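1. My questions concern the predicted model and sequence given below.
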Amino acid sequence: MIRGAEPRAGPATQAARPRGRLRPDLIYLGWRQVLSEPDPGPPPVAPAAPEADEVSPDWMAAQRREHARLARPARLAGVAALAVSAASSSAWLAGLLAGALALPVTLVAAGVAGYGGRRLWHGARELAAEFRAEERRLAAFRDAQRREHAARLAEHDGRRREWQERTAAFKRQPLWYPVTLPTTVQRVDIAGGTLAGWSALLTMIAAPRLAAGGEVTIVDLTEGGVATDLLAVARRSGIDPLVWVLPTDLPRLDIGATFGPDLLADVLARTVSAAGTAGSAGAAADTGGGGADTAKDAALLGRVLRALGDNHAPSTMAKLAAALRALGQIGSPADHLRSGALTPEELANLGNLAGRGAEHLVVERAWALEARLRVLEPLATSPVVRPPSRLKVAWLDRRAAAVGNSVLAGYLAIALTAVLRQAPPGTPWQQTLCLLGAERLSADALDRLCDAAEMARAGLVLAYRSIPAHVRERLGRGDAAVGFMRLGNGEDARFAAEQIGTEHRFVVSQLTDTIGVSVTDTGGVSYTSSVGTSDSISESASVSLTAGRSRGRGKHSSFAPFADFSGSASSDASSSAAISDSSSLTAGISTGTSWGWSTSRAVGASDSLAVAAQRSRESLVEQHELQQLPPSAVLLCYPAPGGRRVVLADANPAIMTLPTATLASPPGLAR
């Protein structure tokens, strides 16, 4: 039927059934990501086991050195006393010292040595007691560490269980919710975008309407085959669409085949006017040859159709084209008779159309009309009887001539307008008409199409690749929602930003959810132990021994200390001994311990709406932001209770296939 003009659909067009059900009273335009449960992030880290503290060998060595320094006076005194004792004993044994003197000296020296040894013994016991006390203190500290670690483990188990519950809730929650409009919105205007983005948006809008039992008509004037993915989805859903690739399928196209002469003449006259003003910023009428306007063309075409009669509906356009050639004197009458396009009676009727003095005007205008309408000559010449379909698609072939496609574009829009004007009002959006490339139509054609759709209560989607002057005047007019897709032209992007309002913000993020979590965990242990010992020992010992003998034999002399022999007859002896001993001991021990544990934890999480293929960013609606929108992103602006709303949606229909997509309304958000 399409003769290979239709490319195959990609994997993104696979039909899917998200959770929930489609509502016929809503228009589905895309998806937005809403997180009712925040991402719990990575699991909590288990606390590390504390290291067991032992008595430091360096500390023990320092304590031994300190005790040895403090015991040095006692040790020296003891050694000196032992030396004195040994010397006195040796002198007594050698006879150098009398026993009366050696014995006290030896006893005193032995006492001092014993006292020094006792001091050394007490110091050793005190050092051992300090070591045992430090060991007990560290044992208590290790017990406190173990209890603290057990408490942290219990707290970690609780946090991990809570994290597991939050993770399960996060995985169960729907992430993608539909962006919808109520069917009370009469029209949706789409400005900007690429062919790929339009394909996604068209599938997103039309597929739910078809699933809800509605009828969809697609008119693609872009020459790009935008409806290819939608056709693939419809066929997988069991819908057999009617597709016309123009101008090849004009013989099968039956739009306008049942129009009466007057209505058909009006449609064709407006088609010629729209084709003549295409690209001229929507001028009102064609002021071409002969200064004729739409009313004169409609009158001329109506008279021609009545002259031909109405008994040849399947070949009306072929007859009309032949009649215009005859009126324009394109070829001789014999040529028209030989071709079989006209009968002698029809030629005679056509010859009586132009009055005296107006023949040259009719000839000139017939030339202009035939030049425009000749592309429609095959229209409805070979209609095919097929069951009615809820999906109809007509698109222009890019391989056809540009002038012919311009005429076909005008005819499709204007003929559909006439069909809508004759149809009775129905349920809103039960009939949906999507016109792609609407900027190619004139302002008058756009106004009439919008009015006809509103009277018939049919949903209308108008998509504009660019925003020329006549489109700017009509964008969002009336009860219409406006969607802006990527606008490469800077002037168009600036106009769109001004219409939305730069006070609005929107978030663009990756298709897959991007969540940033920062976890900071710092722990510190401080342990300080200080032991100070001060000892002061002061000892003094003095021994004084005095002995003397004297003998008198008539003279006096002095002798050495141990013996005196003189010639004196008298003698006397005297001796004195004095022992003094004094000692003082001052000892001081100070011990201090401080221990502490500090922990701080900070967790922060942020999430963003995923609707596109770029890094997450929050932006004002500005010109350069609209120029770099992702292909499937559409920035919607529509009236809502309380004022206009601006929502960024992802029109990618493949989101329907995600297990986290739901058709339910987002929690806590208005539609």
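-> On my side now, so go ahead.
2. Strands of the stretch 401-550 of the chain, residue ranges please.
-> For the stretch 401-550 of the chain, the strands defined by DSSP state E, counting those that start in this stretch occupy 431-436, 459-464, 480-484, 505-508, 515-552.
3. after the helix or strand harbouring residue 350 comes which helix or strand?
-> Under the criterion of DSSP states H and E, residue 350 resides in helix 344-351. Note on helix 344-351: by DSSP H and E, the next helix or strand toward the C-terminus is helix 359-373.
4. Packing partners of that following helix?
-> Other helices and strands packing on helix 359-373, by 3 or more CB pairs under 8 Å, 6 or more residues apart in numbering; DSSP states H and E, are helix 261-277, helix 294-308, helix 316-327. Glycine gets a C-beta too; all of them are placed from N, C-alpha and C.
5. now those in TSV, with mean neighbour count and distance to residue 632?
-> Formatted as TSV, the helices and strands packed on helix 359-373 follow (neighbours: other CB atoms under 10 Å; distance: least, CB to CB, whole Å):
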stretch	mean neighbour count	distance to residue 632
helix 261-277	24	31
helix 294-308	20	40
helix 316-327	22	40
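6. on contacts alone, who are the packing partners of the helix holding residue 350?
-> Here helix 344-351 touches helix 294-308, helix 316-327, helix 333-339, going by 3+ CB pairs under 8 Å, 6+ apart.
7. Other residues contacting that helix?
-> 304, 307, 308, 309, 319, 323, 326, 327, 333, 336, 337, 342 (CB atoms under 8 Å, 6 or more residues apart in numbering).
8. tell me which residues of stretch 57-73 are tucked away?
-> In terms of neighbour count (16 or more other CB atoms under 10 Å), stretch 57-73 has its buried residues at 63, 66, 67, 70, 71, 73.
9. what is the mean pLDDT for it?
-> Averaged across stretch 57-73, pLDDT comes to 85.
10. Run the chain-centre distance for that stretch.
-> Offset of stretch 57-73 from its chain centre (CA atoms, centre = their mean, to the nearest Å): 66 Å.
11. same question, stretch 454-463
-> 35 Å.
12. just stretch 631-649 next, same as before
-> 19 Å.
13. shift numbering so it begins at 341
-> Sounds good: first residue 341 from here, last item stretch 971-989.
14. buried sites along it?
-> 971-978, 980, 985-989.
15. Tell me the span between the first and last residue of it.
-> Stretch 971-989 has its terminal residues 11 Å apart, counting by CA to CA, to the nearest Å.
16. returning to that earlier point: looking at the buried residues of stretch 397-413, which is nearest residue 523?
-> If you rank those by distance to residue 523 using CB to CB, residue 403 comes first, at 90.5 Å.
17. next one: phi and psi at residue 411?
-> Main-chain dihedrals, residue 411, degrees, to the nearest 10: phi -90, psi 0.
18. still on that earlier bit, just the buried residues of stretch 971-989: which are in helices?
-> Among the buried residues of stretch 971-989, no member falls in helices (DSSP state H).
19. and those, which two are the farthest apart?
-> 971 and 980 (26.4 Å).
20. which regions of the stretch 341-490 of the chain lie under the pLDDT threshold?
-> Under the criterion pLDDT under 70, the flagged ranges of the stretch 341-490 of the chain are 341-359, 376.
21. the helices in it, which residues?
-> In the stretch 341-490 of the chain, the helices defined using DSSP state H, counting those that start in this stretch lie at 397-410, 412-433, 439-512.
22. Tabulate the ones you listed (JSON lines), appending distance to residue 756.
-> Shown next, in JSON lines, are the helices of the stretch 341-490 of the chain (distance: least, CB to CB, whole Å):
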{"stretch": "helix 397-410", "distance to residue 756": "96"}
{"stretch": "helix 412-433", "distance to residue 756": "117"}
{"stretch": "helix 439-512", "distance to residue 756": "46"}
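23. coming back round to it: check the contacts of helix 684-691 against residue 426 and report the nearest one.
-> Closest to residue 426, out of all of those and judged by CB to CB, is residue 659, at 155.5 Å.
24. highest average neighbour count across the helices of the stretch 341-490 of the chain?
-> Stretch with highest mean neighbour count among the helices of the stretch 341-490 of the chain: helix 412-433 (a mean of 17; mean count of other CB atoms under 10 Å).
25. list the helices and strands that one packs on?
-> helix 439-512, strand 855-892.
26. Any idea which of the contacts of helix 684-691 the model trusts least?
-> residue 676 (68).
27. Pass me the low-pLDDT residue ranges in the stretch 591-740 of the chain, would you?
-> Confidence mapping of the stretch 591-740 of the chain against pLDDT under 70 gives the ranges 617-632, 650-654, 676, 678, 680, 694-698.
28. quick revisit: now distance to residue 495 and pLDDT too, for the buried residues of stretch 971-989, in JSON lines please.
-> Formatted as JSON lines, these follow (distance: CB to CB, whole Å; pLDDT from 0 to 100):
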{"residue": "971", "distance to residue 495": "49", "pLDDT": "90"}
{"residue": "972", "distance to residue 495": "46", "pLDDT": "91"}
{"residue": "973", "distance to residue 495": "44", "pLDDT": "92"}
{"residue": "974", "distance to residue 495": "48", "pLDDT": "92"}
{"residue": "975", "distance to residue 495": "47", "pLDDT": "91"}
{"residue": "976", "distance to residue 495": "47", "pLDDT": "91"}
{"residue": "977", "distance to residue 495": "50", "pLDDT": "88"}
{"residue": "978", "distance to residue 495": "50", "pLDDT": "83"}
{"residue": "980", "distance to residue 495": "47", "pLDDT": "76"}
{"residue": "985", "distance to residue 495": "45", "pLDDT": "84"}
{"residue": "986", "distance to residue 495": "45", "pLDDT": "86"}
{"residue": "987", "distance to residue 495": "43", "pLDDT": "88"}
{"residue": "988", "distance to residue 495": "41", "pLDDT": "88"}
{"residue": "989", "distance to residue 495": "43", "pLDDT": "91"}
